[in-house]
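In: sequence and predicted structure below; questions after.
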Amino acid sequence: MVDPVNAGTTDERAISYLPILPPAWASLPEDPILYPRPSPSDMLPPLLSLDELSRSACGKNYFEPVAPILQRECTIYTLSRKAKCLISVQLCPTCPAAQRCYIGPDLRTVGIFNFNNSVLFTHELLDEYTNRYTGSETPFAAFVLTIARVYTGRGDKFVGEDLFRAAWFAFASLQHMAGDMFCRECGVAPETVIWDGVTVSFAKRHLQDTLQPPTHIPPDAIARDRIRYSSQQWIVSKNDARVQLANWIKIRGGDGAGNGGSRHNDFEFLQVVKSLIEGGAEPVANALYEVFGRGRDRKTQRRYRMLFEQVRML
């Protein structure tokens, strides 16, 4: 079970902003000690207080000792349960009151990540997803599901996938990874190239000057401002074309259609292809003909039948 909490966007600015230590298992002896690493077994503080490093969500204002301090309830999500406690905040003097922008504590020294002064996460919980993601390629949905099951056993609800994803990306962007391209065995330039958090192994012969990260934008790239792509472009828009494709797949698809069968079968097949083209689904029609056209391999047809069944279900 999960809490229906709005996540905002994945690039939402968190209250915590100071560099955070990487997980102990991912740390190197040469890494700087930014602050004493808190123990996960430490008790959660009943009151999360402001200090001189506390900052607002907009990032423009810091704690002002002479300004009024408010106390409000917040929720801290740990690896096995959630806890309610009080947090001290100050109203941001710059942002409009309607935006409800508050100055809040960073809390890295107590092992807590302050996402928005209302929802907070322990470093242990967020580091655990990093552990599972790098160790077994665990997606966000699977991790949230497993933690939610743990919470259910304790009568609690965990956050939703969107909120956790937004919090984890905000948290990971703060983790201090200086010198992370150095390996004690491989040296300064290891043969494993890391791109956007995904570890990909390349043969050394591929490491050429022309190799660029997938996010690189060439200087001569065409600028397309304010482009809104049509949603669900893969769906056959014409309903009767989808129905015709569905009927043909159900009766003939994968049974050797177009492979020297009767003229009637070939005619039915070509009618389906024509209907798809007229319905604005020429790529689907081309793929259908490429797989099921005359002289094509029957084994391949059976493998692709499931794909076209999914297309006709959309």
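Out: Great, that's in hand.
In: show me where the stretch 101-250 of the chain has its helices.
Out: Counting by DSSP state H, counting those that start in this stretch, the stretch 101-250 of the chain forms helices over residues 123-136, 140-153, 161-172, 239-251, given from the N-terminal end onward.
In: my read: Ala67 touches Cys92, true?
Out: No. Between Ala67 and Cys92 there is no contact under C-beta atoms under 8 Å: 10.1 Å. From N, CA and C alone the C-beta is placed, and that goes for glycine too.
In: between the two, which one's more packed in?
Out: Legend: neighbour count by other C-beta atoms under 10 Å for Ala67 and Cys92, higher for Cys92 (21 against 13).
In: Ala170 - how many residues pack around it?
Out: Neighbours of Ala170 using other C-beta under 10 Å come to 23.
In: is it correct that it is in contact with Ala14?
Out: Yes. Proximity of Ala170 to Ala14 meets the contact threshold set by C-beta under 8 Å, at 4.1 Å.
In: what do the two both touch?
Out: Between them, Ala170 and Ala14 have 113, 115 as joint contacts when contacts are counted by C-beta atoms under 8 Å, 6 or more residues apart in numbering.
In: and the spatially closest residue to Asp240 that is not a sequence neighbour, helix, strand or coil?
Out: Leaving out its chain neighbours, the residue that sits closest to Asp240 by C-beta to C-beta, 6 or more residues apart in numbering is Ser275, at 7.0 Å. Using DSSP: H, G, I helix; E, B strand; the rest coil, the structure places Ser275 in helix.
In: on the pLDDT front, check Ser275 for me.
Out: On the pLDDT scale, Ser275 is placed at 82.
In: could you measure from Pro23 over to Ala285?
Out: Distance, Pro23 to Ala285, using C-beta to C-beta, to the nearest Å: 51 Å.
In: who has more neighbours, the two?
Out: Under the criterion of other C-beta under 10 Å, the comparison of Pro23 against Ala285 puts Ala285 first, with 21 against 17.
In: any weak-confidence spans in this structure?
Out: 1-12, 178-186, 189-207, 214, 229-238, 252-264, 294-300, 303, 308-314 (pLDDT under 70).
In: check it for its longest strand and report it.
Out: In the chain, with assignment by DSSP state E, the single longest strand is strand 82-91.
In: packing partners for it?
Out: Helices and strands touching strand 82-91, as assessed by 3 or more C-beta pairs under 8 Å, 6 or more residues apart in numbering; DSSP states H and E, comprise strand 47-48, strand 70-77, strand 102-104.
In: nearest to Arg154, out of these?
Out: Between Arg154 and these, the shortest separation by C-beta to C-beta is 12.1 Å, and it involves strand 70-77.
In: report the beta-bridge partners for Leu73.
Out: Heads up, residue 73 is Glu, not Leu. Bridge pairing for Glu73 (DSSP bridges) gives the partners Leu86.
In: quick check: it vs Asn114, distance?
Out: For Glu73 relative to Asn114 (C-beta to C-beta), the value is 14 Å.
In: wait, a strand at Ser39?
Out: No. Assessed with three-state DSSP, Ser39 is coil; it does not lie in a strand.
In: residues near it, how many?
Out: 8.
In: try Asp51
Out: Using other C-beta under 10 Å, Asp51 is surrounded by 13 other residues.
In: and for Thr152?
Out: For Thr152, the number of neighbouring residues by other C-beta under 10 Å comes to 13.
In: strands of the protein, start to end?
Out: Counting by DSSP E, residue ranges of the strands within the chain are 2-3, 47-48, 55-56, 70-77, 82-91, 102-104, 112-114, 119-122, 158-159, 192-195, 198-201.
In: can I get these in JSON lines with distance to Ile217 and mean neighbour count?
Out: JSON lines is the format used below for the strands of the chain (distance: least, C-beta to C-beta, whole Å; neighbours: other C-beta atoms under 10 Å):
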{"stretch": "strand 2-3", "distance to Ile217": "37", "mean neighbour count": "17"}
{"stretch": "strand 47-48", "distance to Ile217": "41", "mean neighbour count": "16"}
{"stretch": "strand 55-56", "distance to Ile217": "31", "mean neighbour count": "22"}
{"stretch": "strand 70-77", "distance to Ile217": "37", "mean neighbour count": "17"}
{"stretch": "strand 82-91", "distance to Ile217": "39", "mean neighbour count": "18"}
{"stretch": "strand 102-104", "distance to Ile217": "35", "mean neighbour count": "26"}
{"stretch": "strand 112-114", "distance to Ile217": "31", "mean neighbour count": "27"}
{"stretch": "strand 119-122", "distance to Ile217": "33", "mean neighbour count": "25"}
{"stretch": "strand 158-159", "distance to Ile217": "34", "mean neighbour count": "24"}
{"stretch": "strand 192-195", "distance to Ile217": "15", "mean neighbour count": "13"}
{"stretch": "strand 198-201", "distance to Ile217": "19", "mean neighbour count": "9"}
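In: of all the helices and strands packed on strand 82-91, which one is nearest Leu126?
Out: For the helices and strands packed on strand 82-91, proximity to Leu126 was assessed by C-beta to C-beta; strand 70-77 is nearest, at 9.4 Å.
In: I am finished for the moment; much appreciated.
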